[in-house]
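>>> Give me the fold of what follows.
(2 chains)
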Amino acid sequence: MADGQFPPPRTHTNPMPPLPPSTAAAAASAAALQQLESLLPRLSTLSHYKQYHARLLALGSLGTCPPLRARFLDRLALSPHAAALPHALLLLRSLPAPATNDLNAALRGLAASPQPARALLLLAGRLLPAPAPPRPRLDALSLSFALKAAARCSDALATLQLHAILVRLGVAADVRLMTTLLDSYAKCSDLASARKVFDGMHVRDVATWNALLAGLAQGTEPDLAISLFRRLARTYWELPPREEPNEVTIVAALSACAQLGALQDGLCVHEFARTIGVGDNVRVRNALIDMYSKCGSLNRALEVFRSIKLEDRTLVTYNTTIQALSMQGHGTDALKLFDEMPEWIEVDEVTYLAVLGGCNHAGLVDDGRRVFNSMRVPPSMKHYGAIVDLLGRAGRLAEAHDMIMSMPFPADIVLWQTLLGAAKMHGNVELAELSATKLAELGSNVDGDYVLLSNVYASKARWADVGRVRDTMRNNDVKKVPGFSYTEIDGVRHKFINGDKEHLKWREIYSALDDIVSRISELGYEPETSNVLHDIGEEEKQYALCYHSEKLAIAFGLISTPPGDTIRVIKNLRICGDCHVVAKLISKAYGRVIIIRDRARFHQFEDGECSCRDYWTTEIVNVAKEGLRQQQRMTGSSTELLDARPTMIALSSFTFSHDPRQQANSW
DNA sequence: CTAGGGTTAG
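Numbering: from 1, shown residues only, chains lettered A, B, ... in the order given. Predicted coordinates for the structure are as follows:
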């Protein structure tokens, strides 16, 4: 059958005629159906699917054999072929009376598609043109697929509505469905609701625990994730019935440790993984590489990498290890590993991001360009971000700007921030102004942008312009991104926020900082106050700078560990230029190795030098990146919506199986 | 028959 040659869609006003009641015909049809059934698993090309569809039509089986029809629809909707899903929807539309399983097949396919929001539209009856065919009853499976879709487009409102519907539908005791619900809340960044669902479940299994654990780990609560993991691990030693943690538990827990840079916890999770016998699992090992690398132990990370047999390594194994080398500034090694990847592993966009990052951190500009030019996948915004940073940082501002201009899509906020940072670094007023203009157009209103622009003006002594930027800041209610740092002492994490006095020992810490400043002043330290944004006096500026969270963490580390011990600090943003200078001087004055992991990479300070060779000290504040990404995920997934209204899934439009009065009437 | 949880990312 040629493309698009289906009979016109049937509606409830134009139903499929019933087959004649002939026993001979029925027998023949039964044999044909059996044959079709055995053919189902072997369908692969779109042509196969169309031929199959044609045969179902010819046999009249679309109406008489709903189970086969639904299974066919399910396979069709999930087929990777681009035209398969639209075809499945066409088929669904042609059914005079779709069954629950037909709907579920389409929901499943849409939920897994690049536009998951369309699954919600289908559920709300807004994907089928009027007059819509009668809609089938929903079951737990329908909601499971819909929740998956809601999670994939971070639609918190849809998750809430689906929660209401599943309660009304009487399936709120279904462990799998409730786990999906929990997961959806977590993926929509509503961790409070995810926890409530967890707490309200009378029966849980390991997947339920894992869903909450992963949600906390990847959200804003890695500390809670580790507590939850401890709770789960404890039950392992109890008598059955108990939860059996598995490799998924381990991967999620390692992810929390990686985010926190919690080496002690990470080592415990590794030990526990061996105890429960999943220490050899590749995904566990991939997560171990990441955990060790983010905890600053590149050696342990590489040890795990080498322990994975060549044939067991996956794309993620390489991506993670290349990223580990990149973060430590080992760009040449990252490139080498990239070149050594077995040819049977197809590289992806993450591989390129890791390699380009490695070139960037090591200042390998030409290698980076070469890699970018030889990319085997179309470069995304992030790849352009990496190459623009690479070129801009190296002072090749014109090339960086050309790169932005040559992109097949308009630059986003982060990209202009990158160019602005580069313009600041190299004192290019024109590009700084251009970037700032674009940032204003795009609605960015974060302190870092203004600071960079005002610094460029200040470097050219254009004080009137500096004042203008400050006025704009005052008028615009500028957002500030709170910077914080952690340091771990004897397995306990201490968190510091800029200028905070929450720590029990804050007096000692501040007095230690005063000592530090006077001691490194003898080595020639002068505070670099131009980085402080507030419109405040010089003395206050020094004060604000002096108590950056990483300085508090270093000072605390210095007074809490024996002389000679390495001080490790983790920071959420990029380290500022002044803190970088201070860390170098402390490492010299106090004979300490200081390792700071910032948003982008590791800095290892030793004897007055940093492993980044001062190539990586600008203070671009890549704020709101998470929020931005989420926003892009949502809008990206909604581009093909019929309209921009939120998908309201009206409770009143459903029939509920436990209500006999409504059950009889299937719309 | 068809469902849930996982690592890498400017």
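>>> number of nearby residues for whichever residue of the stretch 301-450 of chain A sits closest to DNA strand B?
Residue nearest to DNA strand B within the stretch 301-450 of chain A: A:Gly385 (2.0 Å; Cβ to the nearest atom of the strand). C-betas here are computed from N, CA, C, even on glycine. By the measure other Cβ atoms under 10 Å, the count of residues near A:Gly385 is 22.
>>> How about A:Thr332?
Applying the criterion other Cβ under 10 Å, we find 14 residues in the vicinity of A:Thr332.
>>> was I right about it contacting A:Gly363?
No - taking Cβ atoms under 8 Å as the contact criterion, A:Thr332 and A:Gly363 are not neighbours in contact, 10.7 Å apart.
>>> returning to that earlier point: from A:Asp339, how far off is the residue of the stretch 301-450 of chain A closest to DNA strand B?
The gap separating A:Gly385 from A:Asp339 is 23 Å, by Cβ to Cβ, to the nearest Å.
>>> near DNA strand B, which residues of the stretch 351-500 of chain A show up?
Proximity of the stretch 351-500 of chain A to DNA strand B (Cβ under 7 Å from any atom of the strand) is limited to residues A:353-354, A:356-357, A:360, A:381-382, A:384-386, A:388-389, A:411-412, A:414-415, A:418.
>>> ok so A:Glu488 is a strand residue?
Yes - with DSSP: H, G, I helix; E, B strand; the rest coil as the criterion, A:Glu488 is located in a strand.
>>> Enumerate every residue touching it.
Residues in contact with A:Glu488, defined by Cβ atoms under 8 Å, 6 or more residues apart in numbering, are A:261-264, A:494, A:568.
>>> A:Met341 now?
Going by Cβ under 8 Å, 6+ apart, A:Met341 touches A:318, A:347, A:351.
>>> please redo it, this time with the cut-off set to 7 Å
Residues in contact with A:Met341, defined by Cβ atoms under 7 Å, 6 or more residues apart in numbering, are A:318, A:347.
>>> quick one, phi psi at it?
With angles defined as degrees, to the nearest 10, A:Met341 shows backbone torsions of phi -60, psi 130.
>>> on that earlier part again, identify those among the contacts of A:Glu488 that sit within strands.
A:494, A:568 (DSSP state E).
>>> Would you map the strands across chain A?
Taking DSSP E as the criterion, chain A carries its strands at A:484-489, A:492-497, A:567-571, A:594-597, A:602-606, A:609-610.
>>> Determine which stretch of those is the most buried.
With neighbours taken as mean count of other Cβ atoms under 10 Å, the strands of chain A reach their highest mean count in strand A:567-571, at a mean of 25.
>>> Thought A:Leu573 was touching A:Glu550, still the case?
No - proximity of A:Glu550 to A:Leu573 does not meet the contact threshold set by Cβ atoms under 7 Å, at 9.3 Å.
>>> Of the two, give the one with the bigger neighbour count.
Shown here are A:Glu550 and A:Leu573; by other Cβ under 10 Å, A:Glu550 has more neighbours (28 against 23).
>>> Now do the same contact list for that one.
With contacts defined as Cβ under 7 Å, 6+ apart, the neighbours of A:Glu550 are A:485, A:569, A:571, A:575, A:579, A:596.
>>> Run through who's touching stretch A:500-517.
A:494, A:496, A:546, A:551-552, A:555-556, A:558-559, A:586.
>>> quick one: which two of the residues you listed are the most distant?
Using Cβ to Cβ, the contacts of stretch A:500-517 span at most 18.5 Å, a distance reached by A:His494 and A:Cys546.
>>> Most widely separated two among the contacts of A:Glu488?
Farthest-apart pair in these is A:Leu263 and A:His494; separation 14.6 Å (Cβ to Cβ).
>>> how about the residues of the stretch 151-300 of chain A near DNA strand B?
Applying the criterion Cβ under 7 Å from any atom of the strand, the portion of the stretch 151-300 of chain A that neighbours DNA strand B consists of A:151, A:174-177, A:179-180, A:183, A:204-208, A:210-211, A:214, A:217-218, A:246-252, A:254-255, A:258, A:281, A:283-284, A:286-287, A:290.
>>> Going by residue numbers, what spans are helices in the stretch 501-650 of chain A?
Residue ranges of the helices in the stretch 501-650 of chain A, as given by DSSP state H, counting those that start in this stretch, are A:506-521, A:538-546, A:549-560, A:577-589, A:625-637.
>>> re the thing from before, could you dump the contacts of stretch A:500-517 to TSV with pLDDT?
Below are these laid out as TSV (pLDDT from 0 to 100):
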residue	pLDDT
A:His494	93
A:Phe496	93
A:Cys546	72
A:Lys551	92
A:Leu552	93
A:Ala555	95
A:Phe556	96
A:Leu558	95
A:Ile559	94
A:Ile586	96
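>>> What subset of those is buried?
Buried residues within the contacts of stretch A:500-517, defined by neighbour count using 16 or more other Cβ atoms under 10 Å: A:494, A:496, A:546, A:551-552, A:555-556, A:558, A:586.
>>> what's near enough to touch the closest residue to A:Thr321 other than its chain neighbours?
Of all residues beyond its chain neighbours, the one nearest A:Thr321 is A:Phe305 (4.7 Å), with distances taken as Cβ to Cβ, 6 or more residues apart in numbering. Contact partners of A:Phe305, counting by Cβ under 7 Å, 6+ apart, are A:289, A:317, A:321.
>>> dump the residue contacts of A:Met178.
A:172, A:197, A:201.
>>> Narrow the residues you listed to those in helices?
With helices defined by DSSP state H, the entries of the contacts of A:Met178 inside them are A:Val197.
>>> If you rank the contacts of A:Met178 by neighbours, which is first?
Of all the contacts of A:Met178, A:Val197 has the most neighbours under the rule other Cβ under 10 Å, reaching 22 neighbours.
>>> Wait, it touches A:Leu182, no?
Yes - in this structure, A:Val197 is within contact of A:Leu182 by Cβ under 7 Å, at 4.4 Å.
>>> Excluding chain neighbours, what is closest to A:Lys424?
Counting by Cβ to Cβ, 6+ apart, the residue nearest A:Lys424 is A:Leu452, at 4.4 Å.
>>> So what's the residue count around the one you found?
The tally of other residues near A:Leu452 (other Cβ under 10 Å) stands at 27.
>>> what separates it from DNA strand B, distance-wise?
When Cβ to the nearest atom of the strand, to the nearest Å is the yardstick, A:Leu452 and DNA strand B sit 16 Å from each other.
>>> same deal with A:Leu123?
Distance of A:Leu123 to DNA strand B, computed by Cβ to the nearest atom of the strand: 15 Å.
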